[in-house]
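*Asks:* build the 3D model from these lines:
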Amino acid sequence: MEEKQLVGVRFKSVGKIYFFSTTIALQKLDKVVVETARGLEMGEIATELKSIEEFDLDTELKQIIRKATDEDIENYERNVIKAKESLILCKEIIENFKLDMRLVHCEYTLDASKVIFMYISDERVDFRELLKELASIFKCRIELRQIGPRDKAKLIGGLGSCGMPLCCSTFLGEFDGVSINMAKNQMLAINIEKISGSCGRLMCCLKYEDDLYTEIKKDFPKIGNKVTFEDKQFKVTSVNVLNKRIKIENSEQILFITLDELQAKKRIEKNQIEQQVVVPAEKLVEKADSKAKYTKQNNKQQKKQNYQNSNQNKQRNKKNDKKNGKQ
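*Replies:* Sure, this is the predicted structure:
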């Protein structure tokens with residue numbers, strides 16, 4: 001019995017990788033036919049084959065049905081052309097029904113038993129009558145899938161503000177979470193138009209350097225902190241992580257210094273403090289011995305004084321007793 005292997009399959013040139021099991025001898029970039037929740041689809045091997053025993057899997061993976069044949073590849077190419085024609089036709093039907101939905105993409109499964117229309121809409125759309133019309137025309141199962149603006153940008157593509165093709169349509173397999181805090185961490189001006197991509201959402205590239213900025217900023221003082229420079233107190237008003245420059249100011253002057261200058265000053269001050277505080281071990285021992293000797297002598301004198309005071313009190317009491325007896 002042949003050993004089962006685990007392999008990743010990608011269905012789009014820049015898409016998420018899904019994992020399947022197989023006993024077929026395959027190589028990276030081979031075309032394969034698999035069964036998904038949508039039906040039969042053709043994908044491409046995106047990872048090297050690995051023994052499935054290396055992974056602790058909770059569920060059993062679906063198997064790859066076969067390596068794609070010439071006929072499968074021809075069907076796929078035919079479906080791509082057919083999908084473009086279906087997209088145009090469906091747009092016309094939607095206009096006739098006057099529905100508030102924008103159709104952006106169309107796909108067929110490999111055996112053309114199902115067609116998927118992807119659309120964007122701000123509100124929920126009642127497309128029951130549309131489905132009946134489409135089913136009567138295309139004679140197959142119909143799926144209308146609502147997608148978000150990011151998915152639309154990934155499907156259609158375009159150019160970013162940097163002048164390069166969109167990241168999501170060139171190399172990003174999945175969308176990562178992007179927050180406005182990432183822009184603040186990189187000290188970008190919070191201008192939503194400038195930090196938003198073609199999809200209208202925050203640019204994915206805000207995440208690329210966020211971890212690096214977080215790591216580098218650990219060496220910088222926080223804005224608003226007080227620092228000592230050239231024996232004067234200053235307040236940090238801004239920092240430039242890329243140039244490693246810090247703006248500090250007080251009531252008398254404004255300075256632009258480098259991070260190295262500030263750290264050098266701190267090191268010098270620290271060394272001076274350590275030199276003032278550090279005392280040789282011999283002196284510490286001598287000081288401790290001297291203190292112990294002084295304490296011992298002081299204790300003896302105190303005992304002697306207490307003894308003398310006690311004797312004086314006794315003599316005084318005897319004299320008083322004699323006087324009282326005579327009387």
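*Asks:* show me the helices in the protein, by range?
*Replies:* Secondary structure of the chain (DSSP state H): helices at 70-97, 128-138, 149-156, 167-170, 180-185, 210-216, 259-277, 281-326.
*Asks:* quick one: low-confidence residue ranges for the stretch 151-300 of the chain.
*Replies:* By pLDDT under 70, the weakly predicted segments of the stretch 151-300 of the chain are 265-300.
*Asks:* select the longest strand from this protein.
*Replies:* Taking DSSP state E as the criterion, the chain has its longest strand at strand 232-240.
*Asks:* paired strands for that strand, with orientation please.
*Replies:* Each strand that pairs with strand 232-240, with its direction, by DSSP bridges: strand 226-229 (antiparallel), strand 245-249 (antiparallel).
*Asks:* Gln302 is nearest to which of those strands?
*Replies:* strand 226-229 (48.0 Å; C-beta to C-beta). C-beta here means a position set from N, CA and C on the backbone, and glycine is covered the same way.
*Asks:* for that closest one, list every residue counted as buried.
*Replies:* Within strand 226-229, the residues that count as buried by 16 or more other C-beta atoms under 10 Å are 227, 229.
*Asks:* reformat the strands paired with strand 232-240 as a markdown table; add distance to Lys139.
*Replies:* Output for the strands paired with strand 232-240, formatted as a markdown table (distance: least, C-beta to C-beta, whole Å):
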| stretch | distance to Lys139 |
| --- | --- |
| strand 226-229 | 75 |
| strand 245-249 | 68 |
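*Asks:* for the ones you listed, which one sits closest to Phe138?
*Replies:* Phe138 sits nearest to strand 245-249 of all the strands paired with strand 232-240, at 63.2 Å, using C-beta to C-beta.
*Asks:* about what we covered before: of all the strands paired with strand 232-240, which one comes closest to Lys16?
*Replies:* When these are compared by C-beta to C-beta, strand 245-249 sits nearest Lys16, at 41.9 Å.
*Asks:* other residues contacting the closest one?
*Replies:* When contacts are defined by C-beta atoms under 8 Å, 6 or more residues apart in numbering, strand 245-249 is touched by residues 220-221, 227, 229, 234-240, 254-259, 262.
*Asks:* again with stretch 228-244
*Replies:* With C-beta under 8 Å, 6+ apart as the criterion, stretch 228-244 contacts 186-187, 213, 216-217, 220-227, 245-250, 252, 255, 257-260, 262, 265, 269.
*Asks:* now do that stretch: distance to the chain's middle.
*Replies:* Distance of stretch 228-244 from its chain centroid, counting by C-alpha atoms, centre = their mean, to the nearest Å, is 28 Å.
*Asks:* and it, how far apart are its ends?
*Replies:* In terms of C-alpha to C-alpha, to the nearest Å, the two terminal residues of stretch 228-244 are separated by 18 Å.
*Asks:* still on that earlier bit, out of the strands paired with strand 232-240, the one nearest Ile180 is which?
*Replies:* For those, the distance to Ile180 is smallest for strand 245-249, at 23.9 Å, taking C-beta to C-beta.
*Asks:* buried residues, the closest one. List them.
*Replies:* Those would be 245-248, for strand 245-249 by 16+ other C-beta under 10 Å.
*Asks:* you'd agree Ser21 is up against Thr59?
*Replies:* No. Ser21 is beyond contact range of Thr59, at 11.0 Å (criterion: C-beta atoms under 8 Å).
*Asks:* of the two, which one has the most company?
*Replies:* Taking other C-beta atoms under 10 Å, Ser21 and Thr59 do not tie; Ser21 has more neighbours (15 against 5).
*Asks:* quick check: the more buried one vs Val9, distance?
*Replies:* Distance, Ser21 to Val9, by C-beta to C-beta, to the nearest Å: 11 Å.
*Asks:* which stretches of the stretch 1-150 of the chain aren't confidently modelled?
*Replies:* Looking at the stretch 1-150 of the chain by pLDDT under 70, you get 1-2.
*Asks:* the strands in it, which residues?
*Replies:* Using DSSP state E, counting those that start in this stretch, the strands assigned to the stretch 1-150 of the chain run over residues 5-10, 17-22, 31-35, 40-45, 50-51, 66-67, 102-108, 114-120, 141-146.
*Asks:* how about these in TSV, adding distance to Gln312?
*Replies:* Output for the strands of the stretch 1-150 of the chain, formatted as TSV (distance: least, C-beta to C-beta, whole Å):
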stretch	distance to Gln312
strand 5-10	101
strand 17-22	101
strand 31-35	111
strand 40-45	109
strand 50-51	100
strand 66-67	117
strand 102-108	111
strand 114-120	108
strand 141-146	107
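*Asks:* if we can go back for a sec, quick check on the contacts of strand 245-249: which are buried?
*Replies:* Those of the contacts of strand 245-249 that meet the buried threshold are 220-221, 227, 229, 234, 236, 239, 257, 259, 262, by 16+ other C-beta under 10 Å.
*Asks:* could I get those residues as JSON lines with distance to Leu172?
*Replies:* Supplementary listing: those in JSON lines, determined by distance: C-beta to C-beta, whole Å:
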{"residue": "Phe220", "distance to Leu172": "30"}
{"residue": "Pro221", "distance to Leu172": "35"}
{"residue": "Val227", "distance to Leu172": "41"}
{"residue": "Phe229", "distance to Leu172": "44"}
{"residue": "Phe234", "distance to Leu172": "43"}
{"residue": "Val236", "distance to Leu172": "36"}
{"residue": "Val239", "distance to Leu172": "30"}
{"residue": "Ile257", "distance to Leu172": "39"}
{"residue": "Leu259", "distance to Leu172": "33"}
{"residue": "Leu262", "distance to Leu172": "38"}
